[in-house]
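Student: next comes the sequence, and after it the predicted model I'd like to discuss.
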Amino acid sequence: MKSLRPRVKTRRKLFGNTAFRGLLLLIVIGIMLFGLSSSLRSTLHTVALPLWKGGAYVGSTIAGVFDLFRSKNALVLENERLKAEFAELSIRLLDRNELYEENLALKERLGRDASVNAVLAAVVARPPRAPYDTLLLDAGSRDGVSVGDFVAASETLIIGAIEHVTLTTSIARLYSAPGVVTEVTLGHSGPVLQAVGQGAGNFEARVPVGIEVLAGESVLLPTIVPHVFAVVEYVRFNPTDSSRSVFFRSPVNPFELRFVTVLRQSE
Amino acid sequence: MNPRAIRITLGILLFASVLYFPWYVTLLIALIIVARTSGYEVLIAGLCVDLLYGDRGIWGLEVPFLATGTAVILFFAAHFIKKNFIR
């Protein structure tokens, strides 16, 4: 006759494993439901931030080693091209700065304070490392960042908004994240559109047939300071439709950004 | 190689992937772990992904803690498949 002991042991082991799995699942659900996530997030970010910075340093060192093997001619040509591009952009920037200052001065005369309160933040992690279209920044509540603050590639090119804040870090959700809907305007006096994120800096909006849309036209966020949102790439027209699909794209690739500006809404 | 050593190595790779590699690499390593072992670390890794990178979901699906939910499904699906279909 077989002894019952092995079966009892197997039953205990099975029960122990199942109970452990159930307990672990309850802990995970508890963390999600009972608001422990923000304190855990803060702790995780505090631990991970030096690891990310260390990884970035190692990555740039390795990239520097590979740069030694690039041909000198290729580097000289690229240098000349970048200098020419820089000179052209500097000229355009002078003109733009003059207009921007004049715009702010006019608004101030009309009783509106349109000055920008901003903090520079380094992008610590970005897609595809992050599975969501978010940017992890190294500026947090100690730097005056709060939920809802705009995130810009420069001071005027808005790409997203702050979603979570810890003491030293923050998470910015990109407006181009798939499914995210943002209200924008076509040019300075155009209609208000619902821009739907398509991922990687791309957007789509529906425009009634009667409204003229041209490729290269600016799309702006409807705020007191006219922040550039995207540029129209092309328009798709279907003769049987009463509206057209307009596709526009952010001038910068948000996944290649190394620094962003957080436009603080409060002091 | 010692199975425990393999499990520890895979676990370290999983958490390093959460920090440094694209999310699909993390998912691949998680699949390997749940296939070879009981895979409790996959649950922790899923929670870490959501806490580190935000938890609002993707593709318009406002499902909070999507990575954690995926890890839970993987964990229990692997256990079910191993228990019922693999001897």
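Tutor: Yep, that arrived. Bear in mind that the values here come from a model prediction, so they are computed numbers and not experimental data.
Student: tell me the SS of the residue in the stretch 101-250 of chain A that chain B sits nearest to?
Tutor: Using Cβ to the nearest Cβ, the single residue of the stretch 101-250 of chain A nearest to chain B is residue A:179, 2.4 Å away. All C-beta spots, glycine's among them, are computed from the backbone N, C-alpha and C. Following DSSP: H, G, I helix; E, B strand; the rest coil, we place residue A:179 in the coil state.
Student: and it, what pLDDT?
Tutor: According to the prediction, residue A:179 has pLDDT 84.
Student: thinking it is in contact with residue A:197, fair?
Tutor: Yes - counting by Cβ atoms under 8 Å, residue A:179 does reach residue A:197; the two are 6.3 Å apart.
Student: more neighbours: the two, which one.
Tutor: residue A:197 (23 against 16; other Cβ atoms under 10 Å in any protein chain shown).
Student: specify the local secondary structure of that one.
Tutor: Per three-state DSSP, residue A:197 ends up strand.
Student: swap in residue A:207?
Tutor: Strictly by three-state DSSP, residue A:207 counts as strand.
Student: identify the residues contacting it.
Tutor: By Cβ atoms under 8 Å, 6 or more residues apart in numbering or on different chains, the residues touching residue A:207 are A:186, A:191, A:193, A:213, A:235, A:243, A:244, A:245, A:246.
Student: tell me, what residue is most central in chain A?
Tutor: Nearest to the geometric centre of chain A sits residue A:174, at 3.6 Å (Cα atoms, centre = their mean).
Student: show me the beta-bridge partners of that one.
Tutor: When assigned by DSSP bridges, residue A:174 has beta-bridge partners residue A:160.
Student: quick check: phi and psi at residue A:240.
Tutor: For residue A:240, the backbone dihedrals (degrees, to the nearest 10) come out as phi -90, psi -10.
Student: check residue A:20 too.
Tutor: Here residue A:20 shows phi and psi, under degrees, to the nearest 10, equal to phi -60, psi -40.
Student: look up the closest residue to it, ignoring the ones flanking it.
Tutor: residue B:40 (8.0 Å; Cβ to Cβ, 6 or more residues apart in numbering or on different chains).
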